[in-house]
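Novice: Below are the sequence and a predicted model for it; my questions follow.
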Amino acid sequence: MPPIITISINTRGDYDFIDITAKVSRHLVNTAFQEGLATVFIAGSTAGLILIEYEPGLVQDLKRAFQRIAPVEAYYEHNAKWGDGNGHSHVSASISGQSVAIPFSSGKLLLGTWQQIVLVDFDNRPRQRQVYVKFIQG
Ligand code: ZN
């Protein structure tokens, strides 16, 4: 059983959308597994992992949607308590979720043609993020 794989990614924060599909796929190829499930998880409460069509129009649409749900300038109890100004980041990250599970077959992720694994950093500053990947054969 291969260990949990760690992928480190530097982000710029402020709704930074980063396609990590190729990185995850490369690690799957290295395992030589044929059938199973890929679990992908990001550590942190101000970043998300989502499955979307990674194209600039949709990235803008999603950024605006998150800003409508959790506007930067709104009042947040989190900011009042901690003063870190990223209450909106926590709310958006909570909604987007921090993990995805993707089946694979014949050694390939069974993603749709227009479906990528995308890290979104909602925080209000650059971060180094750790994404953990576990391939389960079966
Ligand atoms: Zn915070």
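Specialist: Alright, I've got the coordinates. Residues are numbered from 1 along each chain as shown.

Novice: Close to the ion: what parts of the protein are there?
Specialist: Contact residues (Cβ under 5 Å from the ion) of the chain with the ion: Asp84, Asn86. All C-beta spots, glycine's among them, are computed from the backbone N, C-alpha and C.

Novice: swap the cut-off to 8 Å and go again
Specialist: Where proximity means Cβ under 8 Å from the ion, the interface of the chain facing the ion comprises Ser45, Thr46, His78, Asn79, Trp82, Asp84, Gly85, Asn86, Gly87, Ser89, His90.

Novice: Could you say which of those is surrounded by the most neighbours?
Specialist: Most neighbours among the residues of the chain next to the ion, by other Cβ atoms under 10 Å: Ser89, with 29 neighbours.

Novice: And that one, how far from Gly107?
Specialist: Remark: distance between Ser89 and Gly107 (Cβ to Cβ, to the nearest Å) = 36 Å.

Novice: okay, now Ser105: neighbour count?
Specialist: Summarising burial for Ser105: neighbours were counted as other Cβ under 10 Å, giving 10.

Novice: For it, give me the backbone phi and psi.
Specialist: Torsion angles at Ser105 (phi, psi; degrees, to the nearest 10) stand at phi -150, psi 150.

Novice: In terms of pLDDT, where does it sit?
Specialist: Turning to Ser105, the model gives it a pLDDT of 98.

Novice: show me what contacts it?
Specialist: When the contact criterion is Cβ atoms under 8 Å, 6 or more residues apart in numbering, the partners of Ser105 are Gln34, Glu35.

Novice: where's it relative to the ion, distance?
Specialist: Separation of Ser105 from the ion (Cβ to the ion, to the nearest Å) stands at 40 Å.

Novice: who does that residue bridge with?
Specialist: Partner residues in beta bridges with Ser105: Lys108, with DSSP bridges as the criterion.

Novice: Val59: neighbour count?
Specialist: 18.

Novice: Also Leu109?
Specialist: As a burial measure, the neighbour count of Leu109 was computed by other Cβ under 10 Å and equals 17.
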